[in-house]
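>>> let's see this in three dimensions:
(one chain, ligands or ions: 1)
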Amino acid sequence: MSGPNALRAEPTRSVLDRLHAEARGDRLRFLKLAPRILAGLARGRSFFEIATPESMKGCYIPVSREQGELLYLTARALRARTVVEFGTSFGISTIYLASALRDNGGGIVIGSEIEPSKCTRATANLEASGLAGYADVRLGDALETLRELPEPVDLLLLDGWKDLYLPVLELVRPRLRPGAVVLADNIFTFRKALRPYVEYVQSGANGFESTTLRISDGFEYSVYIG
Ligand SMILES: C[S@@+](CC[C@H](N)C(=O)[O-])C[C@H]1O[C@@H](n2cnc3c(N)ncnc32)[C@H](O)[C@@H]1O
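The predicted structure is shown next:
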């Protein structure tokens, strides 16, 4: 294929630049949320009970550019046609994945977002990127919205709330094709919460081979052997 890939071409490039710049404001947004989260933790509540999707609706919490490029390259290498995403937020990761599908010649990213305002913004950002035809962001709890999926799934990104990585993987697993890749974010920050997930994919007993990539906040890279 000749010409720039979708990530380097307009309008996608400018939309990604804008979204990554807006996401830098997360530092301040987290600072504002910190007292409430710390008070809740001190009262014995879990992080995921306090930091609800509604309370975090202003936060982008996206994949880094480095992770986005890895998502793009992985989807290209797999010649992916069907990609599933748990946790879409404002659509940054979805744009990297949809770009790969465009450059692969077609396909769909099935995203999932429980927070209505984020789902609307993600859909608008995909439209602004010229990639609306390669993505379907489903509004609601991923455990419900990802029940109906086309087969086979070539790539799965896990980037929603961490207590649901294993249940979402179990839901999508019957649709994964041998050789499918599963990428899971935030392995370092949520080491304890994600330990059961990492053990599941690394044990060799559940059909996966897996390693933790030391990029950004830790990206678990798993291949479904079948
Ligand atoms: C870390 S952010 C995703 C960032 C996104 N992948 C990106 O790179 O831009 C996690 C998102 O998961 C969403 N979420 C949390 N629980 C969910 C659930 N049960 N179903 C669908 N989305 C959920 C949150 O609202 C939040 O927007």
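
>>> when you work out contacts or count neighbours from here on, use the C-alpha atoms and nothing else.
OK.

>>> give me every residue that touches residue 177.
Shown in contact with residue 177 (CA atoms under 8 Å, 6 or more residues apart in numbering): 152-154, 224, 226.

>>> report the buried residues of stretch 12-29.
Across stretch 12-29, burial judged by 16 or more other CA atoms under 10 Å covers 12, 15-16, 19-20, 23, 26.

>>> least confident secondary structure element in this protein?
helix 47-50 (a mean of 85; mean pLDDT, DSSP states H and E).

>>> now for that one, which elements pack on it?
Packing partners of helix 47-50 (3 or more CA pairs under 8 Å, 6 or more residues apart in numbering; DSSP states H and E): helix 26-42.

>>> quick one: the helix it packs on near the ligand?
No: using CA under 6 Å from any ligand atom, helix 26-42 never reaches the ligand; the gap is at least 11.4 Å.

>>> which residue ranges of this protein form helices?
12-23, 26-42, 47-50, 65-77, 92-104, 116-128, 142-145, 165-172, 195-202 (DSSP state H).

>>> and the end-to-end length of stretch 126-142?
19 Å (CA to CA, to the nearest Å).

>>> what separates that stretch from the chain centre, distance-wise?
Chain-centre distance of stretch 126-142: 13 Å, with CA atoms, centre = their mean, to the nearest Å.

>>> quick one: contacts of it?
So stretch 126-142 is contacted by 10-13, 15, 86-88, 91, 94-95, 98-99, 101-102, 106-116, 119, 122-123, 145, 168 (CA under 8 Å, 6+ apart).

>>> what stretches of this structure score poorly on pLDDT?
The chain contains residues with pLDDT under 70 at 1-3.

>>> the residue nearest the centre of the chain - nearest residue in space that isn't next to it in sequence?
By CA atoms, centre = their mean, the mean C-alpha position of the chain lies nearest to residue 159, the distance being 3.9 Å. With sequence-adjacent residues excluded and distances taken as CA to CA, 6 or more residues apart in numbering, residue 159 is closest to residue 87, at 5.1 Å.

>>> got the residues of this structure near the ligand?
Residues of the chain lying near the ligand (CA under 6 Å from any ligand atom): 53, 61-63, 87-93, 112-115, 140-142, 159-161.

>>> just the buried members of these?
53, 61-63, 87-93, 112-115, 142, 159-160.

>>> among the residues you listed, which lie within strands?
Cross-referencing those against strands under DSSP state E gives 112-113.

>>> got the contact list for residue 172?
Taking CA under 8 Å, 6+ apart, one finds 146-147 in contact with residue 172.

>>> I'd say the residue nearest to the centre of the chain and residue 85 touch.
Yes: checked against CA atoms under 8 Å, the pair residue 159 and residue 85 is within contact range at 7.4 Å.

>>> how near is residue 197 to residue 203?
10 Å.

>>> between these two, which has more neighbouring residues?
Counted by other CA atoms under 10 Å, residue 197 and residue 203 do not tie: residue 197 has more neighbours, with 21 against 12.

>>> show me what contacts that one?
Contacts of residue 197 were listed using CA under 8 Å, 6+ apart, and they are 165-166.
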